[in-house]
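In: Just to be clear, the model below is a prediction. Sequence and coordinates:
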Amino acid sequence: KQEVTQIPAALSVPEGENLVLNCSFTDSAIYNLQWFRQDPGKGLTSLLLIQSSQREQTSGRLNASLDKSSGRSTLYIAASQPGDSATYLCAVRQETSGSRLTFGEGTQLTVNP
Amino acid sequence: GAGVSQSPRYKVAKRGQDVALRCDPISGHVSLFWYQQALGQGPEFLTYFQNEAQLDKSGLPSDRFFAERPEGSVSTLKIQRTQQEDSAVYLCASSLEWLTGELFFGEGSRLTVL
């Protein structure tokens, strides 16, 4: 059974700091990995999608990397802002279980002004 | 519409009541997923449709849960005889491509069972 782990569970940083969120998964047979952002009481907003053949994806101040063989992904946020405060979730699309998306528990990020 | 639309956004039900949650996917998206999210946790898979075919319902927690997508567009998640443990946010997502497509989520339906 695929297990997705996100470290740290919570992170508090001052505004302007660069930061890294980590995601690991146990089964490397995946189609892709997707990073989401969730604000309190809201749905999930897609940030970046990395296909299994790709190593990284970038969008603005966000950069996500994927090392499929070692079962790891990182989300790098440059020059953090208070508006980045949210819960960040990673999810993997598995090859072996009918293509369901399996989520981690998330990292709750607080960026202090 | 531009995004995935879910209704109702909030539902309060008395224990034992039946509820129906609706999902309007992005137009043209063939894949549709339902997830359940408890407070402070990541979403858990419930079921998945490819057009009107329900390809995987292994995540449904009991036979009180039923989902349908009769015309391959709008989907309804029905919960019969609701229990307190059914209280959660129910999220719907759709994607254009079956296996490699990006998933887009709705705002969710928050169910509270009293």
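Out: Nice, I can see it. In this text the structure is predicted, and so the values were computed from the model without any measurement.

In: so where does the spatially most central residue of chain B fall, helix or strand?
Out: Centroid-nearest residue in chain B, with C-alpha atoms, centre = their mean: B:Trp34, separated by 3.4 Å. Following DSSP states H and E, one finds B:Trp34 within strand B:31-37.

In: Strand partners (parallel or antiparallel) of that strand?
Out: strand B:44-50 (antiparallel), strand B:88-95 (antiparallel) (DSSP bridges).

In: Out of those strands, the one nearest B:Asp18 is which?
Out: Among these, strand B:88-95 comes nearest to B:Asp18, with 14.4 Å by C-beta to C-beta. Heads up, the C-betas are built off the backbone N, CA and C, glycines and all.

In: Run through the residues that contact A:Asn32.
Out: A:Leu49, A:Ile50, A:Gln51, A:Ser52, A:Val92, A:Arg93, B:Thr100 (C-beta atoms under 8 Å, 6 or more residues apart in numbering or on different chains).

In: Pull out the buried residues from these.
Out: Restricting the contacts of A:Asn32 to buried positions leaves A:Leu49, A:Ile50, A:Ser52, A:Val92, A:Arg93, with burial counted as 16 or more other C-beta atoms under 10 Å in any protein chain shown.

In: quick one: average confidence on stretch B:81-94?
Out: What stretch B:81-94 shows for mean pLDDT is 97.

In: what's the answer for stretch A:36-47, then?
Out: Mean predicted confidence for stretch A:36-47 is 93.

In: Any idea how far apart the tips of that stretch sit?
Out: 5 Å (C-alpha to C-alpha, to the nearest Å).

In: Stretch B:26-41 now?
Out: One end of stretch B:26-41 to the other measures 26 Å (C-alpha to C-alpha).

In: Over to stretch B:105-114?
Out: Here the two ends of stretch B:105-114 are set 27 Å apart, with distance taken as C-alpha to C-alpha.

In: Find out how far it is from the centre of the chain, if you would.
Out: Distance of stretch B:105-114 from the chain centroid (C-alpha atoms, centre = their mean, to the nearest Å) equals 9 Å.

In: Next, find the distance separating the closest residue to A:Pro8 other than its chain neighbours from chain B.
Out: Once flanking residues are discounted, A:Pro8 sits nearest to A:Thr107: 6.0 Å by C-beta to C-beta, 6 or more residues apart in numbering or on different chains. For A:Thr107, the distance to chain B equals 11 Å [C-beta to the nearest C-beta, to the nearest Å].

In: Count the residues that sit near A:Thr107.
Out: Using other C-beta atoms under 10 Å in any protein chain shown, A:Thr107 has 21 neighbouring residues.
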